[in-house]
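Asks: Pasting the sequence and the predicted model now:
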Amino acid sequence: MNPSPRSANPDYSPRLIGVCMAWAMFAFGFVGHAEPHVPSSGSEILERLNVNVSGKQARQVRELQQRTLADRDNPALACELARFWIQQSRLESNPRYLGRAQAAFSPWWTQPGPN
């Protein structure tokens with residue numbers, strides 16, 4: 001007579017399963033009660049992005065950033081820098097780079113539009 005496949009496995013009683021489930025709900029039940037972090041000001045840095053550019057392209061973007069900072073009222077430089085960050089966002093599928101593109105336009109961002 002062959003033993004049934006069920007006899008080869010340990011028999012877990014419903015009571016043991018219930019105790020394990022109760023312990024898991026108790027242990028992991030507190031995870032959902034975390035409070036979100038709310039920045040104290042809009043200038044607080046929440047995360048720094050690593051730019052995945054190297055070599056010649058990294059040098060070019062650093063130079064472009066320096067030129068843009070030196071000449072904050074030059075929209076052509078701001079557009080060139082914003083285009084770079086938009087391209088990075090698309091290449092890496094990372095929308096956080098779009099914040100850098102928006103920052104390139106910060107001198108004009110709060111100005112009223114043309115009438």
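Replies: Perfect, I can see it now.

Asks: From here on, just use CA atoms for contacts and neighbour counts.
Replies: Noted.

Asks: Any regions of the protein where pLDDT drops low?
Replies: 1-12, 29-34, 49-53, 115 (pLDDT under 70).

Asks: can you tell me which residue is nearest the centre of it?
Replies: R96 (6.4 Å; C-alpha atoms, centre = their mean).

Asks: Would you enumerate the residues in contact with it?
Replies: Contacts for R96 were tallied using C-alpha atoms under 8 Å, 6 or more residues apart in numbering; they are S89.

Asks: how near is it to Q87?
Replies: Per C-alpha to C-alpha, to the nearest Å, R96 is found 12 Å from Q87.

Asks: so how far is the first residue of stretch 87-97 from its last?
Replies: 9 Å.

Asks: Go through it and flag the buried ones.
Replies: Neighbour-count burial for stretch 87-97 flags 88-89, 97 (criterion: 16 or more other C-alpha atoms under 10 Å).

Asks: Could you pull up phi and psi at E47?
Replies: Backbone geometry at E47, expressed as degrees, to the nearest 10, gives phi -160, psi 140.

Asks: Roughly how far does it sit from R72?
Replies: 24 Å.

Asks: Of these two, which one has the most company?
Replies: R72 (15 against 6; other C-alpha atoms under 10 Å).

Asks: what's around the closest residue in space to the more buried one that isn't next to it in sequence, how many residues?
Replies: Spatial nearest neighbour of R72, excluding adjacent residues (C-alpha to C-alpha, 6 or more residues apart in numbering): P107 at 7.0 Å. Per other C-alpha under 10 Å, the neighbour tally for P107 reads 13.

Asks: Okay, and P107 sits in which element?
Replies: Counting by DSSP states H and E, the element that carries P107 is helix 106-109.

Asks: Just give me how far that helix sits from the chain centre.
Replies: Taking C-alpha atoms, centre = their mean, to the nearest Å, one finds helix 106-109 lying 24 Å from the centre of the chain it belongs to.
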